[in-house]
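Chemist: Fold the following, please.
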Amino acid sequence: MQDKNMNTQTKVTVKDIIGSEAEEDFLNFDLTEIQKVLSHLRDDNPVDLAHAEHFCQETLRCADILSEFLAKITKTSTYLENKLNIVKNKAIVDFTSESKVTADIRKAASESNPEVEALSNKISSVKGAKLALEKKYEIIIKSHHHWKDIASGLRKTVLGYVGNV
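Modeler: This next block holds a predicted model:
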């Protein structure tokens with residue numbers, strides 16, 4: 001017999017997770033829940049098994065959120081890098097001068113193009129944001145294992161449970 005909730009769930013696709021836009025508004029990703037969970041490392045100590053398991057569950061939820069953000073930011077980064085290459089190549093081809101034009105002059109002209117500079121700055125922001133998300137993901141996973149170890153210890157000492165954990 002299938003669970004009734006399974007019949008009412010809507011279909012979730014990869015497109016729903018990574019988004020349909022080529023460029024995501026990565027600077028506005030909401031990290032409130034992640035920061036709240038990370039504050040538990042500083043402020044809270046589990047007092048019982050349920051508390052420790054709750055922290056485990058919260059960290060897994062945050063890891064899920066961050067994995068979606070990382071997928072979106074990777075897509076955005078790749079899109080912007082491809083766009084940058086197209087703009088640079090177009091600037092190289094379109095560059096004209098009354099004097100003799102060498103490949104080095106064309107390359108320098110393309111790199112000084114204002115659109116190239118703007119895209120390069122945006123790519124820098126994307127890479128910085130991606131690094132921050134990756135580090136937060138790493139901390140969240142380590143936190144999950146931390147809370148899991150505490151829960152395991154509580155099971156053994158408080159409850160006397162000695163099974164596979």
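Chemist: rest of the way, CA atoms for contacts and neighbours
Modeler: Fine.
Chemist: center of this structure - which residue?
Modeler: The chain has residue 70 as the residue nearest its centroid, 2.4 Å off, counting by CA atoms, centre = their mean.
Chemist: Name the helix or strand for it, please.
Modeler: Secondary structure from DSSP states H and E places residue 70 in helix 49-94.
Chemist: by how many degrees do the next helix or strand after that helix and helix 49-94 diverge?
Modeler: The first helix or strand that comes after helix 49-94 along the chain, using DSSP H and E, is helix 103-111. Relative orientation of helix 103-111 and helix 49-94, computed by axes from the mean of the first three to the mean of the last three CA atoms, to 10 degrees: 130 degrees.
Chemist: Can you name every helix or strand that the helix holding residue 70 contacts?
Modeler: Judged by 3 or more CA pairs under 8 Å, 6 or more residues apart in numbering; DSSP states H and E, helix 49-94 is in contact with helix 14-18, helix 32-43, helix 103-111, helix 114-157.
Chemist: The residue nearest to the centre of the chain: what's it in contact with?
Modeler: Residues near residue 70 by CA atoms under 8 Å, 6 or more residues apart in numbering: 130, 133-134.
Chemist: repeat for residue 56
Modeler: By CA under 8 Å, 6+ apart, the contact list for residue 56 reads 143-145, 147-148.
Chemist: go on, residue 120?
Modeler: Contacts of residue 120 (CA under 8 Å, 6+ apart): residue 84.
Chemist: Among the helices and strands packed on helix 49-94, which comes closest to residue 53?
Modeler: In terms of CA to CA, the element of the helices and strands packed on helix 49-94 nearest to residue 53 is helix 114-157, at 6.2 Å.
Chemist: Quick check: chain neighbours aside, which residue is closest to residue 148?
Modeler: Leaving aside its sequence neighbours, residue 148 sits nearest to residue 56 (CA to CA, 6 or more residues apart in numbering; 6.1 Å).
Chemist: from what I can see residue 73 touches residue 130, true?
Modeler: Yes - when contacts are counted by CA atoms under 8 Å, residue 73 is listed as touching residue 130 (6.4 Å).
Chemist: Between these two, which is the more surrounded one?
Modeler: In this view residue 73 and residue 130 are compared by other CA atoms under 10 Å, and residue 73 has more residues nearby, 24 against 20.
Chemist: Take the contacts of residue 70 and lay them out in JSON lines including distance to residue 45 and pLDDT.
Modeler: Below are the contacts of residue 70 laid out as JSON lines (distance: CA to CA, whole Å; pLDDT from 0 to 100):
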{"residue": "130", "distance to residue 45": "30", "pLDDT": "97"}
{"residue": "133", "distance to residue 45": "25", "pLDDT": "97"}
{"residue": "134", "distance to residue 45": "25", "pLDDT": "97"}
